[in-house]
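> sequence and predicted structure below; questions after.
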Amino acid sequence: MPEAMGQDWVKWAGVLILGFPLGILILNELIIRYRRQHRPIVEPLCILRNLVLPILAGLILLTQVLELSPESSGVRLVTTLLWVAGIYGALSGLKVLMFQEAKATSWQARVPDLVLDLGQFFLIASGLTIILSTVWQINLGGLLTALGVGSLVIGLALQDALKNLFSGILLLFERPFGLGDWLKVGDQIGQVIQVNWRSVYLETKGRELVVIPNSTLAQGSFNNLSRPTNLLVAIVVLRFSYDDPPNRVKQILRQTALGTEGVLADPEPWAVTVSYDDFYITYKVGLFVEGYDQFLKCQFEFTSRVWYAAKRHGLTIPYPTRLEYQLDSADLAPTKATVKLGEALQVLPNVGTLNPEVLAQSNQSTRLHYYSQGEWVLREGDRVSGLHLILRGQVVVLLQHTSGEMQEINRLSQGEFFGEKALMAGETSDVGVIASEDLEIVILEPEIVALLLERIPMLGREIYEIIALRQQSVQATQQSSSPV
């Protein structure tokens, strides 16, 4: 019997000599593999390799090889370290497996950090209780009595911190907001990115970090812009001249809103007349958007597009003060539309210098149109009102496949035209045209085009050659996209 007991330390020594390096080697391989994959499991594996395994080897060395008494201070200290390292590693592994590697749509991904911190605190406190009672054999009753008196003093000293802690707990139970929600607290608007025992962290649109104590949120008021629904209304105030009929203005504003990316068609945008002021009529437009991240983007984009819509439809955005002009009728220059038309017609093939009388005859039925980058000029199936001549900017010509995807088939710039279907009575556009940059065009009505073709026959032949080539391109694209 003594010989068998004497051989136990040899067995344990062999286990340490072989098992410890083998365990380190296996953990190293796992850490290298998961680190290449950028997996968060690397952290608990490092704790296991650097802390738990060496301390466990030390405890085996003391108790099994050197055969020291478990009651000795050294063994108790190493046992305590092993418990602490084990709890630390277990909590780290549990956090990684349950929360950090969870899918973004799962409930684990929406758990605030404060809940995790409180859970870790109670688990660590439970572990320390086990260590004190089993390893050091301390009577916890007397310790709890002493802590009761000491906690009163500590509570008075840390009342502000405790107020934030319990305010955070109350907010968690009430759940007036969650991670990813947009909050408005005073003048600050930001997205909730973290909730801990003391504060709520908001990230603003300007990438600024705003830290708000939990007690401030619990005792004050704030707006949750993401609840009860993610639907928000962006309000834009605009002013137009008394010369523009209000109903026409509101119709144009609603059409412009529907053409703005991110603005919902259901519920439909609304426009109302607010007041009649000294120099203008004031209107309000409501844009329904999905989420606050689209709120400012749609608001700014719509405001920019209003200028182009006003130019296209002849609306006047008034100046805030009265302007006086003194003009001599003899010095009046040709209208902007006539000048622009002349410049545009000069870039057409074989036009040369047109007789000013032609411009005078066409001026009344010719309008300038302005489009913002990203705006649709023509959609597939739209009725074409005239030949669109590009004065400035560029457009992309798109064709829709049977699958619903849009394919680019052409790009047109200054001096080129589109909307040639207007020359064919009753025809609608078989392509879509969108402005790839700020665009200025003139729309030549069919009567004006007919007058030009009558005076310049060679121009007509070249235009129809271009139309034929484009039609072939459209047909080839349609055939290539059709299922075999």
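In hand now; what should we look at? Numbering: from 1, shown residues only.

> now Glu301, nearest residue through space, not along the chain?
Among residues not flanking Glu301 along the chain, Thr260 sits closest, at 5.3 Å (Cβ to Cβ, 6 or more residues apart in numbering). No exception for glycine: its C-beta is placed from N, CA and C like everyone else's.

> the one you found belongs to a helix?
No: Thr260 is assigned coil when assessed by DSSP: H, G, I helix; E, B strand; the rest coil, not a helix.

> for it, give me its contacts.
287, 298, 301-302, 305 (Cβ atoms under 8 Å, 6 or more residues apart in numbering).

> tabulate those in JSON lines, adding columns for neighbour count, distance to Pro267 and pLDDT.
Formatted as JSON lines, the contacts of Thr260 follow (neighbours: other Cβ atoms under 10 Å; distance: Cβ to Cβ, whole Å; pLDDT from 0 to 100):
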{"residue": "Leu287", "neighbour count": "23", "distance to Pro267": "10", "pLDDT": "95"}
{"residue": "Cys298", "neighbour count": "22", "distance to Pro267": "14", "pLDDT": "93"}
{"residue": "Glu301", "neighbour count": "19", "distance to Pro267": "19", "pLDDT": "94"}
{"residue": "Phe302", "neighbour count": "25", "distance to Pro267": "15", "pLDDT": "96"}
{"residue": "Arg305", "neighbour count": "21", "distance to Pro267": "20", "pLDDT": "94"}
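
> surely Gln194 is in contact with Glu203?
No: between Gln194 and Glu203 there is no contact under Cβ atoms under 8 Å: 9.2 Å.

> where does pLDDT dip in this structure?
The model of the chain has pLDDT under 70 over residues 1-7, 101-118, 140-174, 320-367, 425-426, 481-484.

> do a quick rundown of the helices in it.
Here the chain has its helices, by DSSP state H, at 2-36, 42-47, 53-60, 73-95, 113-130, 140-157, 159-174, 214-219, 246-258, 295-313, 336-346, 356-363, 446-455, 457-481.

> packing partners of the last one?
Under the contact criterion of 3 or more Cβ pairs under 8 Å, 6 or more residues apart in numbering; DSSP states H and E, the helices and strands touching helix 457-481 comprise strand 395-400, strand 406-412, helix 446-455.

> any residues touching the first one, and which ones?
Strand 395-400 is contacted by residues 377, 380, 406-413, 418, 430-436, 439, 474, 477-478 when judged by Cβ under 8 Å, 6+ apart.

> would you mind getting the angle between it and helix 457-481?
40 degrees (axes from the mean of the first three to the mean of the last three Cα atoms, to 10 degrees).

> ok, how many other residues are close to Tyr283?
By other Cβ atoms under 10 Å, 20 other residues sit near Tyr283.

> so who does it touch?
Applying Cβ under 8 Å, 6+ apart, the residues near Tyr283 are 237-240, 246, 249-250, 253, 271-274.

> same check on Ile317?
238-241, 307, 310 are the contacts of Ile317 under Cβ under 8 Å, 6+ apart.

> which ones are touching the nearest residue in space to Ala309 that is not next to it in sequence?
Excluding its sequence neighbours, the residue lying closest to Ala309 (Cβ to Cβ, 6+ apart) is Thr256, at 4.4 Å. When contacts are counted by Cβ under 8 Å, 6+ apart, Thr256 touches 302, 305-306, 309.

> show me which pair in those is furthest apart.
The span of these, defined through Cβ to Cβ, is set by Phe302 and Ala309 at 9.7 Å.

> so Ile24 sits right up against Arg49, yeah?
Yes: in this structure, Ile24 is within contact of Arg49 by Cβ under 8 Å, at 6.3 Å.

> these two: which has the busier surroundings?
Arg49 (19 against 15).

> would you agree the more buried one is in contact with Leu27?
Yes: Arg49 is within contact range of Leu27, at 4.1 Å (criterion: Cβ under 8 Å).

> between Ile24 and Arg49, which contacts overlap?
Between them, Ile24 and Arg49 share no contacting residue, judged by Cβ under 8 Å, 6+ apart.

> ok, now how distant is the residue nearest to the spatial centre of the chain from Ser429?
By Cα atoms, centre = their mean, the chain has its centre lying nearest to Asp293, at 5.6 Å. Separation of Asp293 from Ser429 (Cβ to Cβ, to the nearest Å): 34 Å.

> likewise Glu462?
21 Å.

> the more surrounded of the two?
Remark: of Glu462 and Ser429, Ser429 carries more neighbours, 19 against 13, as counted by other Cβ under 10 Å.

> tell me the buried residues in stretch 300-314?
Within stretch 300-314, the residues that qualify as buried by neighbour count (16 or more other Cβ atoms under 10 Å) are 301-303, 305-306, 308-313.

> which member of those is positioned nearest Leu387?
Nearest member of the buried residues of stretch 300-314 to Leu387, counting by Cβ to Cβ, is Arg312, at 16.4 Å.

> verify the contact between the closest one and Glu375 for me.
No: contact criterion Cβ under 8 Å: Arg312 and Glu375 do not qualify, at 9.8 Å.

> need the contact list for the nearest residue to Asn28 once chain neighbours are set aside.
Spatial nearest neighbour of Asn28, chain neighbours left out: Arg49 (7.0 Å); criterion: Cβ to Cβ, 6+ apart. By Cβ under 8 Å, 6+ apart, the residues touching Arg49 are 24, 27-28, 31.

> selecting buried members of those in PyMOL, what would you type?
Provided next is the PyMOL selection string for whichever of the contacts of Arg49 are buried by 16+ other Cβ under 10 Å:
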select buried, resi 27+31
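
> contact partners for Ile467?
Residues near Ile467 by Cβ under 8 Å, 6+ apart: 420, 423.

> likewise for Glu437?
Residues in contact with Glu437 (Cβ under 8 Å, 6+ apart) are 373, 393-394.
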